[in-house]
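Participant: Sharing a model prediction with you, sequence too.
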Amino acid sequence: MKTMCTRAVASLLLCLAATTAALAQARIEEQIRDLESKNVMTDRIVKRDPKTRRVGMETKNFHFYSQGGTVANALREAFEAETRSATNVEREQRGESYECVLTFVQGSTKTVYRLSVSGDKLRPEVDVQTYFRDESVNIDESSVETTHKRNGDMAATDGHAAGGRYAIKEIS
């Protein structure tokens, strides 16, 4: 009976730990979904297992100016709220510039989020990057998918951005 109770408690704690880890990044993921819905310029790279098509690695990069600073502030608040549950935290504040890197590791998966806010408080330049890697998924260079989304256009490419300059979107 005692062994059964111990196993039940251990199982419950394991489930709770997995749920807590998934919720730990919820505020940041919510902000990222919001950026995607606003057609913010995005570069995305996905590497899959060629046989199973499971995602083994994914990166996303967002770059924009935050009109009025509201989106930049919301992102910063989300990052600060998640620092308590991150495996590793790197933060730096210099004047108006802020950078935060949060790393979450659970089992064979590693997720890294990076936020950089710089410039004028009323119109800061914002960079958000995400990196996800599941070590249990076999990936190789032949399984790379790259997409670039600029101001509402989504184009699949071979990994090389079109030449020339482009406008960076402002969002509020």
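Facilitator: Perfect, thanks for sending it. Numbers count the residues shown, from 1 in each chain.
Participant: Select the longest strand from this structure.
Facilitator: The longest strand of the chain (DSSP state E) is strand 55-66.
Participant: Report the strands that pair with it, each with its relative direction.
Facilitator: strand 42-48 (antiparallel), strand 125-134 (antiparallel), strand 170-171 (parallel) (DSSP bridges).
Participant: What separation do you get for the most centrally placed residue in the chain and residue 53?
Facilitator: Here the mean C-alpha position of the chain is nearest to the C-alpha of residue 130 (CA atoms, centre = their mean), at a distance of 2.9 Å. Per CB to CB, to the nearest Å, residue 130 is found 20 Å from residue 53. Using the backbone N, CA and C atoms, a C-beta is placed for each residue, glycine as well.
Participant: what do you get for residue 131?
Facilitator: Residue 131 is 20 Å from residue 53, by CB to CB.
Participant: Over to residue 26?
Facilitator: From residue 26 to residue 53 the distance is 26 Å (CB to CB).
Participant: Same drill for those two, tell me which one is more crowded.
Facilitator: Per other CB atoms under 10 Å, whichever of residue 26 and residue 53 has more neighbours is residue 26, with 13 against 9.
Participant: list the contacts for that one?
Facilitator: Residues near residue 26 by CB atoms under 8 Å, 6 or more residues apart in numbering: none.
Participant: related to what we said a few turns ago, not counting its own residues, what contacts the longest strand of the chain?
Facilitator: 32, 35, 40-49, 71-73, 117, 123-134, 137-139, 143, 168-172.
Participant: Pull out the buried residues from that strand.
Facilitator: Within strand 55-66, the residues scored as buried using 16 or more other CB atoms under 10 Å are 55-66.
Participant: Centre of the chain to it, how far?
Facilitator: For strand 55-66, the separation from the chain centroid amounts to 6 Å (computed by CA atoms, centre = their mean, to the nearest Å).
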